[in-house]
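**Q** Would you be able to build a 3D model of this:
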Amino acid sequence: MPRITYIEEKDEMIMHCDKPIIILPEKISVLRDVKNQSIHTDFEQYSIYYKNIIYPYSEEYDVQIECEFGKNLGNCWRLEEFNDIADTFLLTLKIYGYYGKLLTEKSCRVQIFEKKEYPTVNLLCIGDSMTMAETYIAHTVNKLKNINTIGLRNISHNVNHEGRGGWTCSAYFEKYTDDGWGISPFLFPEGFDGKEYYGDKKFYEYMLNTNTDYSHIGTSVTPIQDGMVICDNDKLYRYSKGIYDVVCENPVFKFDFSKYIERYSMPTPDIVSILFGANEFQICSYSEFDNELNKFICNLNNMIEAIHKYNHNIKIVINLPICGGDQYSWGTQLGCKSSAKQYEYCIKMACSAITDLFDRRRNENIFVCPMLAVCDTVNGFQSDYIKSNIYSEHFERHITNWVHPSEIGYKQMGDALAGVIADICDN
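**A** Alright, predicted model coming up:
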């Protein structure tokens, strides 16, 4: 972790860091637009925003780019001209402080992929409300066409997934009964086949009668069949002709990906995309962070292990979670519970840990997607003009959502995921 120092200059206290970190995977996969086409809406653009990937970040830094392609626009490196571009090239970021001191640098390899019809792949996206929003998934599918999305939820964009608002990664290992936020489709009692386990009685009774609230909408269910096992108040019952007989008390539940595939007759996914972080860290304090990060990484490891236990050929994409809005958006949403800067710290350190632990493991079918880098947290979030105070006639632009991007930001996230999927399909 970088060491922070403070220096006095012109009677101002300015925070400096002797070596900031740059958070990027070793490879950036970019989808280019179709050669020689002139449809403006089909052009491609890929941006890496400096504020997102540098910690600590300072406007005083001079960020310089060494690259044969793209442009350094001050707030980002942007690639949007693909004529005569190389298939692969080096991108180096250098951060300079006062007096031209080089503080740190990092290089990564950029590879360009054609926007073409790749072989059809089954894609399963697991995550929180950003996945539940479906926009980045739909944008990815629209770019690459031959993607069959799978999962139990389908809300408004004609894509399937396993996204649940307010959920952490750990919830998928814990929620076997419905507390008003749904149940994990991956949890099964030990000693029972996937096909015979129906699920939580309370959840399915609710779903068969109504399916309109935030936590349950978009999930398809079928009535229980004779011979199936259901959970109710920590007991398992086998259903037969309207009668429930106890078959197990105090069952042990386990995240079992193979039983998930079996229970819901899912095709085997070729790619599983995982996106978490927002709910783990939005009210995580500095003092709690190390412990929460360890749990977060442990859960990611356990999810990867369970998926690869079922089929090690499945490509797993770990997405770097994005930064949030400004302090105004945090204050209006959470009052004084947390802060934008604390969340920035937690998210960036979590992304740094993900990059350190999961990058350079493509030979193990694990990929890192830099969603963190590409989402514009200024113009890619919803905003509004709000009066400065009740007496003023002056209106100020403020971001109005603390963690969720707008459609613009979601589409940028989809750009990053589409590049990684194209990379996987091309190889």
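**Q** got the contact list for stretch 120-127?
**A** With contacts defined as CB atoms under 8 Å, 6 or more residues apart in numbering, stretch 120-127 is touched by 131, 137, 140-141, 146-151, 161-164, 167, 172, 266-276, 303, 319, 421, 424-425. C-beta: built from backbone N, CA, C; applies to glycine.
**Q** Counting neighbours, which of those residues end up buried?
**A** 131, 137, 140-141, 147, 149-151, 161-164, 167, 172, 266, 269-276, 303, 319, 421, 424-425 (16 or more other CB atoms under 10 Å).
**Q** Mind checking which of the residues you listed land in strands?
**A** Ile147, Thr149, Ile150, Glu162, Gly163, Ile271, Val272, Ser273, Ile274, Leu275, Asn319 (DSSP state E).
**Q** The residues you listed: which two are farthest apart?
**A** Comparing all pairs in those by CB to CB, the longest separation belongs to Ile150 and Asn319, at 17.5 Å.
**Q** Provide a list of residue ranges in the stretch 201-350 of the chain with pLDDT below threshold.
**A** Residue ranges of the stretch 201-350 of the chain with pLDDT under 70: 211.
**Q** Tell me how far Arg78 lies from Gln282.
**A** 29 Å (CB to CB, to the nearest Å).
**Q** same deal with Asn299?
**A** From Asn299 to Gln282 the distance is 16 Å (CB to CB).
**Q** For burial, what's the neighbour tally of Trp181?
**A** Around Trp181 there are 15 other residues, counting by other CB atoms under 10 Å.
**Q** looking at it, it is touching Ser215, isn't it?
**A** Yes. With contact defined as CB atoms under 8 Å, Trp181 counts as touching Ser215 (4.7 Å).
**Q** shared neighbours of the two, anything?
**A** Shared contacts of Trp181 and Ser215, defined by CB under 8 Å, 6+ apart, are found at Arg164, Gly166.
**Q** one step back: quick one: which of Arg78 and Gln282 has more around it?
**A** Gln282 (19 against 15).
**Q** give the contact list for the more buried one.
**A** By CB under 8 Å, 6+ apart, the neighbours of Gln282 are Gly324, Leu334, Ser338, Tyr343, Trp402, Val403.
**Q** got the residues you listed as a markdown table, with distance to Glu44 columns?
**A** Formatted as a markdown table, those follow (distance: CB to CB, whole Å):
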| residue | distance to Glu44 |
| --- | --- |
| Gly324 | 26 |
| Leu334 | 36 |
| Ser338 | 36 |
| Tyr343 | 30 |
| Trp402 | 29 |
| Val403 | 26 |
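**Q** which among these gets closest to Asp245?
**A** Out of the contacts of Gln282, the member with the shortest distance to Asp245 (by CB to CB) is Val403, at 45.7 Å.
**Q** And the closest one, how close does it get to Tyr244?
**A** 42 Å.
**Q** higher neighbour count, those two?
**A** Remark: of Val403 and Tyr244, Val403 carries more neighbours, 25 against 16, as counted by other CB under 10 Å.
**Q** and Trp181, that one's in a strand?
**A** No. Counting by DSSP: H, G, I helix; E, B strand; the rest coil, Trp181 falls outside a strand, being coil.
**Q** Walking through the stretch 101-250 of the chain, point out its helices one by one.
**A** Under the criterion DSSP state H, counting those that start in this stretch, helices of the stretch 101-250 of the chain are mapped to 129-132, 135-144, 201-209.
**Q** I'd guessed Gln327 sits against Tyr343; true?
**A** No. In terms of CB under 8 Å, Gln327 does not count as a neighbour of Tyr343; the distance is 9.8 Å.
**Q** quick one: which of those two has more around it?
**A** Taking neighbours as other CB under 10 Å, Gln327 and Tyr343 compare with Tyr343 leading, 24 against 16.
**Q** is it true that the more buried one lies in a strand?
**A** No. Remark: Tyr343 does not belong to a strand; assigned using three-state DSSP, it is helix.
**Q** Excluding sequence neighbours, find me the nearest residue to it.
**A** In space, and not counting its chain neighbours, Tyr343 is closest to Gly324: 5.1 Å by CB to CB, 6 or more residues apart in numbering.
**Q** right, and that neighbour touches Trp330 too?
**A** Yes. Between Gly324 and Trp330 there is a contact at 7.1 Å, judged by CB under 8 Å.
**Q** Now the common contact residues for those two.
**A** Contacts common to Gly324 and Trp330, judged by CB under 8 Å, 6+ apart, are Ala340, Tyr343, Trp402.
**Q** which residues sit in contact with Tyr264?
**A** Taking CB under 8 Å, 6+ apart, we find Tyr264 in contact with Leu152, Pro185.
**Q** circling back: could you dump the helices of the stretch 101-250 of the chain into a markdown table and include distance to Pro56?
**A** Below are these laid out as a markdown table (distance: least, CB to CB, whole Å):
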| stretch | distance to Pro56 |
| --- | --- |
| helix 129-132 | 25 |
| helix 135-144 | 28 |
| helix 201-209 | 44 |
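**Q** nearest to Glu117, of those helices?
**A** Counting by CB to CB, Glu117 lies closest to helix 135-144 out of the helices of the stretch 101-250 of the chain; the figure is 8.3 Å.
**Q** Now do the closest one and strand 271-275, the angle between them.
**A** With axes from the mean of the first three to the mean of the last three CA atoms, to 10 degrees applied, the angle from helix 135-144 to strand 271-275 works out at 150 degrees.
**Q** for stretch 80-95, which positions count as buried?
**A** Judged by neighbour count using 16+ other CB under 10 Å, the buried positions of stretch 80-95 are Phe82, Ile85, Leu91, Leu93, Lys94, Ile95.
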